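Visitor: structure for the following, please:
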Amino acid sequence: MAKAFAAEFQKITEECIFLKESVNIALSGGNTPQQLFAVLAEDYKNSIIWDKINFYWTDERCVSPESSESNYGEAERILFSKLNLYNNVHRIMGENDPSEEAERYSQLMQRNLPSENNFPEFDIILLGMGADGHTASIFPDGMNLLKSEKYCETVVHPENKQRRITLTGNVINNSDKIYFLVTGKSKAQIMKIISDRNEDSLKFPAGHIKQKNCDVNWYLDSHAAELIKSSDNQKYFSKS
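Guide: Here you go, the predicted model:
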């Protein structure tokens, strides 16, 4: 799955650079993006125009960048350090006061990104999905964040009570392209519900994500896709 999306990543970044001369991307954390970063660092180091890509984050844990829990820290370790890529990296500073950092990052996006519908517009957002259907750091107990008028909000993880900073649903849904990368058998039931597109899908934050131009693109491994028939929806992609 990571190799399949890495090829797509090269294609869509090339297209965007041709049209706009640069690309604004928001990354997610978690195990699945780490697999993608490893493939990109190993197989695409010299075939992607990295200095034309501006990297942001969908969310961050309130920890230092040296922490193994830092979304930025893992991307830096696996990808950025291998590419010597830092000038275009705009991290959420998880070590700062969460409320102040949410405001700082909102202002950064307002300055750096084009605006449409009164929200910053990313070219590409990469998302994961948790076993509870959360995406970014929008959890089922924080559905109000999907319609927040703010660009960023502070949240508390419903189980471990860790503080986080996340982009809100309006910013995510304002992206030109949205890709979900989902792996694991624990996601299969929720993936089936979301793929059915009935009212039950709206119980999960991931079920509310829909890019402004069309539906989102899902890259799934065989475990996450095991309950979805290949004929159900052409936008769903599964590969071992």
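
Visitor: in the protein, which spans are strands?
Guide: Under the criterion DSSP state E, the chain contains strands at 23-27, 53-57, 59-61, 115-116, 119-120, 124-127, 152-156, 163-167, 177-182, 217-220, 236-238.

Visitor: need these in a markdown table with mean neighbour count, can you?
Guide: Quick note: C-beta positions are derived from backbone N, CA and C, even for glycine. A markdown table is the format used below for those (neighbours: other C-beta atoms under 10 Å):
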| stretch | mean neighbour count |
| --- | --- |
| strand 23-27 | 23 |
| strand 53-57 | 21 |
| strand 59-61 | 25 |
| strand 115-116 | 11 |
| strand 119-120 | 23 |
| strand 124-127 | 25 |
| strand 152-156 | 21 |
| strand 163-167 | 25 |
| strand 177-182 | 24 |
| strand 217-220 | 22 |
| strand 236-238 | 19 |
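
Visitor: burial count for residue 118?
Guide: As a burial measure, residue 118 scores 8 neighbours (other C-beta atoms under 10 Å).

Visitor: elements contacting the lengthiest helix in the chain?
Guide: Scanning the chain for the longest helix, with DSSP state H as the assignment, gives helix 2-20. In terms of contacts (3 or more C-beta pairs under 8 Å, 6 or more residues apart in numbering; DSSP states H and E), helix 2-20 is packed against strand 23-27, helix 31-43, strand 124-127, strand 177-182, strand 217-220.

Visitor: switch the cut-off to 7 Å
Guide: For helix 2-20, the helices and strands in contact under the criterion 3 or more C-beta pairs under 7 Å, 6 or more residues apart in numbering; DSSP states H and E are strand 23-27, helix 31-43, strand 177-182.

Visitor: of all the ones you listed, which one is nearest residue 204?
Guide: strand 177-182 (11.9 Å; C-beta to C-beta).

Visitor: adjacent strands (with direction) for the closest one?
Guide: Sheet pairing for strand 177-182, assigned by DSSP bridges, gives strand 124-127 (parallel), strand 217-220 (parallel).

Visitor: so which residues make contact with the first one?
Guide: Spelled out, that is strand 124-127. With C-beta atoms under 7 Å, 6 or more residues apart in numbering as the test, strand 124-127 has contacts from 12, 23, 25-28, 33, 58, 135-136, 172, 175, 177-181, 209.

Visitor: give me the neighbour count for residue 144.
Guide: Neighbour count for residue 144, taken as other C-beta under 10 Å: 11.

Visitor: from residue 195, how far out is it?
Guide: Applying C-beta to C-beta, to the nearest Å, the value for residue 144 to residue 195 is 25 Å.

Visitor: got it, and residue 180?
Guide: Distance, residue 180 to residue 195, using C-beta to C-beta: 11 Å.

Visitor: any idea how far the longest helix of the chain is from the middle of the chain?
Guide: Distance, stretch centre to chain centre, for helix 2-20: 15 Å (C-alpha atoms, centre = their mean, to the nearest Å).

Visitor: residue contacts, the residue nearest to residue 113 when sequence neighbours are not counted?
Guide: Counting by C-beta to C-beta, 6 or more residues apart in numbering, residue 120 is the residue found nearest to residue 113 once chain neighbours are left out, at 4.0 Å. By C-beta under 7 Å, 6+ apart, the contact set of residue 120 is 109, 110, 113, 151, 171, 174.
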